[in-house]
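In: Please find the sequence and the predicted model below.
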Amino acid sequence: MHAKIDELKKIKVGAVSYLNTKPLLYGIKQSAELMEQIELVEDYPSKIAAMLVEGTIDVGLVPVAIIPRLKEWHIVTDYCIGADGDVASVCLFSDVPIEKIEKVLLDYQSKTSVNLVKILLRDYWKINPVPEDAKEDYITDIKGTIAGVVIGDRALVQRKISPYIYDLAGAWKAMTGLPFVFAAWIANKRLPEQFISLFNEANGEGLNNIDKVIAANESAAYDLDIYYRNNISYSLDGDKKKGMEKFLDY
């Protein structure tokens, strides 16, 4: 019975299982003190987001588009999955130039990226293709005048296949002048300050050990040194918060 009570006290943490989260998760998994306090679940972004909304987890690295759906929310670290320019792993892929696209398949794994591409199609590229919610095996349907939004590790692979690649974070930067935040650590309730401090410190630990993170992960599709140091921007600074607020306004 004692073990069950201890289990109930654990803070349930949800994180995305993509390469871009590995630096943040590195420090968390390295901290024995922190791992004793949490129950860690890894899945794709929209799944983690749904768990946070449902309350089956307490804090998650979630797409920022779900913030309006939360009754209560708190950003709990100084870190995020963001980009100040091209992010490489969130793109609109096509066989044809942007103006010839007739339909866009929308990745089911991330609501933020889907909302972002709709904004960019309307206000930046100023085209009006038919949007379609994609099924699991949709990537093979990206051909002819049918384009598709692909995110995460699969996008890094798709970069070698599609002749036209439109980076969503790069387009957002060109349109607004601001960086973009894809996901942040958000809690659906107030968490203990001691935990937040330890959790924040653990996030930073991975970013101080990027070489070790690269050594522990492999990608035949993309150079992780470039990805972690140049494409992904992990600090949730003032400009990123402005970019996040502007996106939520849209």
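Out: Okay, I see it.
In: what packs against the longest helix seen in the chain?
Out: The residue-count maximum for a helix in the chain (DSSP state H) belongs to helix 193-207. Helices and strands touching helix 193-207, by 3 or more CB pairs under 8 Å, 6 or more residues apart in numbering; DSSP states H and E, are helix 22-30, helix 32-37, strand 74-83. Where C-beta positions appear, they are placed from N, C-alpha and C, glycine not excepted.
In: And the helices in the chain?
Out: Assigned by DSSP H, the chain shows helices spanning 2-9, 22-30, 32-37, 45-54, 111-123, 153-158, 168-176, 193-207, 210-216, 224-226, 238-249.
In: out of those helices, nearest to residue 69?
Out: helix 45-54 (5.3 Å; CB to CB).
In: For that closest one, which residues meet the burial criterion?
Out: 45, 46, 47, 48, 49, 50, 51, 52, 53 (16 or more other CB atoms under 10 Å).
In: ditto for stretch 18-34
Out: For stretch 18-34, the neighbour count (16+ other CB under 10 Å) marks 18-28, 31, 34 as buried.
In: And for stretch 235-243?
Out: Result for stretch 235-243 [16+ other CB under 10 Å]: buried residues 236, 239, 240, 241, 243.
In: mean confidence score for that stretch?
Out: Across stretch 235-243, the average pLDDT comes to 97.
In: quick one: contacts of it?
Out: 75, 77-80, 82, 84, 172, 176, 178-181, 184, 233 (CB atoms under 8 Å, 6 or more residues apart in numbering).
In: returning to that earlier point: the helices of the chain into TSV, with extra columns for distance to residue 137?
Out: Below are those laid out as TSV (distance: least, CB to CB, whole Å):
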stretch	distance to residue 137
helix 2-9	37
helix 22-30	26
helix 32-37	35
helix 45-54	17
helix 111-123	18
helix 153-158	11
helix 168-176	22
helix 193-207	33
helix 210-216	30
helix 224-226	27
helix 238-249	29
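In: Figure out which of those is closest to residue 62.
Out: Comparing the helices of the chain by CB to CB, helix 45-54 comes nearest, at 4.5 Å.
In: Just the closest of the buried residues of stretch 18-34 to residue 157, please.
Out: Closest to residue 157, out of all of these and judged by CB to CB, is residue 19, at 11.1 Å.
In: what's around the closest residue to that closest one other than its chain neighbours, how many residues?
Out: Of all residues not flanking residue 19 in the chain, residue 153 sits nearest, at 5.4 Å (CB to CB, 6 or more residues apart in numbering). Neighbour count of residue 153, defined by other CB atoms under 10 Å: 16.
In: With residue 159 as the reference, measure out to residue 153.
Out: Residue 153 sits 11 Å away from residue 159, going by CB to CB, to the nearest Å.
In: Which residues are in contact with each of those two?
Out: Counting by CB under 8 Å, 6+ apart, the shared contacts of residue 153 and residue 159 are residue 221.
In: Quick check: of the contacts of stretch 235-243, which lies closest to residue 165?
Out: residue 172 (15.0 Å).
In: Tell me who's in contact with the closest one.
Out: 116, 120, 124, 178, 180, 243, 247.
In: try it again with 7 Å
Out: Residues counted as contacts of residue 172 (CB atoms under 7 Å, 6 or more residues apart in numbering) are 116, 120, 180.
In: Could you check how far the closest residue to the second one other than its chain neighbours is from residue 230?
Out: The reference is to residue 120. Nearest residue to residue 120 in three dimensions, chain neighbours excluded: residue 171, at 5.0 Å (CB to CB, 6+ apart). Applying CB to CB, the value for residue 171 to residue 230 is 17 Å.
In: Without its sequence neighbours, what residue ends up closest to residue 160?
Out: Using CB to CB, 6+ apart and skipping the chain neighbours, the partner closest in space to residue 160 is residue 221 (6.4 Å).
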